[in-house]
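Visitor: Can you look at this prediction? I've put the sequence above it.
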Amino acid sequence: MGKTLFGDIPLKPRVSILYSPGTNCHQETAEAFRMAGAEPRITHLISDLIENKARLTDCDILALPGGFSFGDHLGAGRIFSLDLVARLKDQLLELRGKKIPVIGICNGFQVLINTGLLPGTDAIGEPHAILDRNASAVFESRWIKLSIEASDCIWTSGIPLQELRMPNAHGEGRLLLASNFQEKQTVFRYTGSSKPAPYPENPNGSPQDRAGITDPTGRILGLMPHPERAVLPWHGSEDGLWIFKAGVSQVR
């Protein structure tokens with residue numbers, strides 16, 4: 001995208017925040033992107049995308065926020081992902097082909113896994129990873145710490161911290177990956193008093209303490225914790241804002 005309009009007014013990157021019935025973190029995610037210098041808008045799965053009033057690629061960044069899309073019936077993020085693959089597969093392929101950065105947070109991460117956009121080494125609609133039920137078998141809501149791993153992920157590029165603190169809230173977050181998963185695609189790990197991180201510092205029992213991964217290009221990120229809930233001083237942490245700023249900086 002161009003950097004200026006009429007020569008001197010900076011353009012803001014356009015961010016589409018996907019919404020479906022049951023999504024409940026869209027406003028917070030939009031505000032986090034606004035604070036990071038972008039221009040967010042809420043894009044409805046049904047009234048915008050399925051009714052052909054908008055496309056997945058009508059943006060510079062695509063964000064899939066947290067919540068309980070379609071009540072998490074059939075599994076977390078499952079119906080949302082089925083709609084995307086069955087009705088908008090051509091746009092998912094176009095999204096990947098145009099190398100548009102994507103972030104999926106919590107339920108959004110579950111959608112990315114179910115569509116096959118993550119880990120991103122297989123065909124769209126053929127998922128080869130699972131965000132399974134937490135090892136504790138209960139919904140886990142608590143503050144956690146994440147280490148930033150060395151990776152090609154654009155969403156952590158330039159972040160001057162080695163560890164981030166933010167909230168976590170999910171019932172299905174235990175990330176199970178195929179044996180051929182490339183460890184360089186791990187972006188975040190839960191950190192704790194020892195390695196591997198014990199429960200509840202690793203709240204869901206994910207092997208290797210993985211909390212977030214990227215696709216091979218580094219442009220598509222999925223993570224279970226909620227960076228949009230850690231962007232203001234009164235949140236208790238502003239660490240999450242670094243992730244949104246890093247992503248926005250890539251499309252300026």
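Guide: Sure, I can see it.
Visitor: Can you give me every residue that contacts residue 220?
Guide: 96, 101, 102, 103, 104, 112, 117, 118, 120, 214 (C-beta atoms under 8 Å, 6 or more residues apart in numbering). For glycine as for every other residue, the C-beta is placed from the backbone atoms N, C-alpha and C.
Visitor: what does residue 170 give?
Guide: Residues in contact with residue 170, defined by C-beta under 8 Å, 6+ apart, are 76, 106, 107, 134, 139, 140, 204, 224.
Visitor: about what we covered before: of the contacts of residue 220, select the buried ones using a ChimeraX command.
Guide: To isolate the buried members of the contacts of residue 220 in ChimeraX, using 16 or more other C-beta atoms under 10 Å:
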select :96,101,102,103,104,112,117,118,120,214
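Visitor: where exactly do the helices run in the stretch 151-252 of the chain?
Guide: Along the stretch 151-252 of the chain, the stretches classed as helices by DSSP state H, counting those that start in this stretch are 241-249.
Visitor: in it, what spans have low per-residue confidence?
Guide: Across the stretch 151-252 of the chain, nothing is flagged by pLDDT under 70.
Visitor: picking that back up, out of the contacts of residue 220, who's nearest residue 67?
Guide: Closest approach to residue 67 among the contacts of residue 220 (C-beta to C-beta): residue 104, at 11.7 Å.
Visitor: and stretch 91-108, which residues are buried?
Guide: 91-92, 95-96, 100-108.
Visitor: how about those in a markdown table, adding secondary structure?
Guide: Below are those laid out as a markdown table (DSSP: H, G, I helix; E, B strand; the rest coil):
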| residue | secondary structure |
| --- | --- |
| 91 | helix |
| 92 | helix |
| 95 | helix |
| 96 | helix |
| 100 | coil |
| 101 | coil |
| 102 | strand |
| 103 | strand |
| 104 | strand |
| 105 | strand |
| 106 | coil |
| 107 | helix |
| 108 | helix |
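Visitor: Verify the contact between residue 140 and residue 169 for me.
Guide: Yes. Between residue 140 and residue 169 there is a contact at 7.2 Å, judged by C-beta atoms under 8 Å.
Visitor: Looking at the two, which one has more neighbours?
Guide: residue 140 (20 against 17; other C-beta atoms under 10 Å).
Visitor: How about the more buried one: what's its closest non-neighbour residue?
Guide: residue 203 (4.0 Å; C-beta to C-beta, 6 or more residues apart in numbering).
Visitor: what about that neighbour, distance to residue 249?
Guide: Per C-beta to C-beta, to the nearest Å, residue 203 is found 30 Å from residue 249.
Visitor: Kindly report the same for residue 19.
Guide: For residue 19, the distance to residue 249 (C-beta to C-beta) stands at 25 Å.
Visitor: Those two - which one has more neighbours?
Guide: Higher neighbour count among residue 19 and residue 249: residue 19, with 25 against 15, using other C-beta under 10 Å.
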